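Participant: Quick check, what structure comes out for this input:
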Amino acid sequence: MEFETDQLLDQAGSLWQLVVDFAGQMDILLQVAIVAVAYVAALFLSWRLEPLFEERARAIKGNAGLLRLVIALLRRLEWVFLVVFLGVALLVLRSLGWPENTGLSYTALLLVLAWLVISVLSHTVRSRALSRVIAIGVWSYVALLVLGIGSEVAALLDDAGFTVGNFRISLLLIIKTLVVLSVLLWIAFGLGNFLDNRIQRSDELTPSMRVLIGKVLKITLVVLATMIALSGLGLDLTMFTVFSGAVGVGVGFGLQKVVSNFISGIIILLDRSIKPGDTISLGETFGWIRELRARFVSVVTRDGREYLIPNEDFITREVINWSFSDELVRLDVPFGVSYDSDPHQVSALAIEAASSVARVVTARNPVCWLTGFGDSSLDFLLRFWIRDPQNGLTNVRGQVLLAVWDAFQTHGVHIPYPHREIIMKAPPTPP
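Facilitator: A predicted model of the protein is given here:
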């Protein structure tokens, strides 16, 4: 009888354990079902409400940053609803006291909330690919912390590595280096752009000096950020000696033009031969300089085309800088009149006509000279000065010629047609 009692107790304990295990599985299945239903409901609501909310959000004017943030939040409206639904479900389950373990629902709520916040904040990065990489990377790190397996994953990554000399390189060290280096470079670029914008607004510096100081400052910040990142992670900078030697050989053979353009850009900035705003002619290209870059110079022509000319061309080729030392530019307009005209009157009329054009500088009076006696006309050369060659040369020449034409028509001065004498000889008559 005692044996049967013990056997019944064992069977009852086993049955109770099965009930407990089944209840635990039911707890997990219930919470998984709650998360799935909440996600489906969030998708449905976001599909119906997102167009309405976005139409109202487009009415925000004058604050592009706020509009961008609101639109980013609306594009993730399903995650907002999912956070709300999971939060309500968690409160209801805890108020009912069943199931006892709501860890799965709580973990899902934390992960979804973290993804929502990180994805919205990363959307402020303009590059979509970079924004997605940042969001996934940060959320993965937060997920490891929430799940409590961060130390195990770190140990696993640290075990995967190899040794170079006395230094060991692991996958964990590579990831840390990339993350720290990316953050410091992002800070360096942002700080460099901020300081460069402040320098460009300074009126006490010449345009060339502003560009030079801005570029040197950016390069210094980038190099400093790289050294701080590598040193802060315990990396020995001497281990990059071989790598730097290989890079030097590569620069010597394959990157000659890149280095040449970079050095030429520094020389241009130092000798101030050209600067932003100058009007230049290089070969067949005529325009004004919009920007100086580390590798090229941006030149905008009168027809709106923007030529990116390598810096080396400004060192090795002949460049005409129309505004290097003086903004005044002299233009010549040749013309001819009939031999019946009075050359003194013609010269006076041409000077007066040129002075009437708005772009012609009257501080330096135009001059008109008789340059020769042509086959069918008296040849003149009209010279005048302008201050704004970047606004075009052909158009101001055309305006001056039209003014001269109107003056000649008013005073009866004629521009002759070429005269040609044709002699017709009769064929000899046969005897």
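
Participant: Okay, and Val346 sits in which element?
Facilitator: Element membership for Val346 (DSSP states H and E) is helix 343-355.

Participant: What helices and strands are in contact with that helix?
Facilitator: If contacts are counted by 3 or more Cβ pairs under 8 Å, 6 or more residues apart in numbering; DSSP states H and E, helix 343-355 sits against strand 329-337, strand 367-373, strand 378-386, helix 394-411. No exception for glycine: its C-beta is placed from N, CA and C like everyone else's.

Participant: and the longest one, what does it pack onto?
Facilitator: Spelled out, that is helix 394-411. Helices and strands touching helix 394-411, by 3+ Cβ pairs under 8 Å, 6+ apart, are strand 329-337, helix 343-355, strand 378-386.

Participant: So which elements touch the last one?
Facilitator: Spelled out, that is strand 378-386. Helices and strands touching strand 378-386, as assessed by 3+ Cβ pairs under 8 Å, 6+ apart, comprise strand 329-337, helix 343-355, strand 367-373, helix 394-411.

Participant: With mean neighbour count, distance to Tyr417 and mean pLDDT as extra columns, can I get the helices and strands packed on helix 343-355 in JSON lines?
Facilitator: Below are the helices and strands packed on helix 343-355 laid out as JSON lines (neighbours: other Cβ atoms under 10 Å; distance: least, Cβ to Cβ, whole Å; pLDDT from 0 to 100):
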{"stretch": "strand 329-337", "mean neighbour count": "16", "distance to Tyr417": "11", "mean pLDDT": "90"}
{"stretch": "strand 367-373", "mean neighbour count": "14", "distance to Tyr417": "17", "mean pLDDT": "92"}
{"stretch": "strand 378-386", "mean neighbour count": "20", "distance to Tyr417": "14", "mean pLDDT": "93"}
{"stretch": "helix 394-411", "mean neighbour count": "16", "distance to Tyr417": "15", "mean pLDDT": "92"}
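
Participant: What residues does Ala354 make contact with?
Facilitator: Taking Cβ atoms under 8 Å, 6 or more residues apart in numbering as the criterion, Ala354 is in contact with Val333, Val360, Pro366, Cys368, Leu382, Phe384, Val400, Ala403, Val404.

Participant: Model confidence score at it, please.
Facilitator: With respect to pLDDT, Ala354 scores 93.

Participant: Model confidence score at the residue lying closest to it once chain neighbours are set aside, please.
Facilitator: Among residues not flanking Ala354 along the chain, Pro366 sits closest, at 4.1 Å (Cβ to Cβ, 6 or more residues apart in numbering). Per-residue pLDDT puts Pro366 at 92.

Participant: Isn't Pro366 up against Val357?
Facilitator: No: in this structure Pro366 lies outside contact range of Val357 using Cβ atoms under 8 Å: 9.3 Å.

Participant: Any stretches of the stretch 201-350 of the chain with poor pLDDT?
Facilitator: 204-208, 232-255 (pLDDT under 70).

Participant: Now tabulate the helices and strands packed on helix 394-411 in CSV and tack on distance to Glu306.
Facilitator: Formatted as CSV, the helices and strands packed on helix 394-411 follow (distance: least, Cβ to Cβ, whole Å):
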stretch, distance to Glu306
strand 329-337, 22
helix 343-355, 33
strand 378-386, 24
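
Participant: could you show me where the helices are in the stretch 201-350 of the chain, in order?
Facilitator: 207-232, 241-253, 256-271, 311-316, 343-355 (DSSP state H, counting those that start in this stretch).
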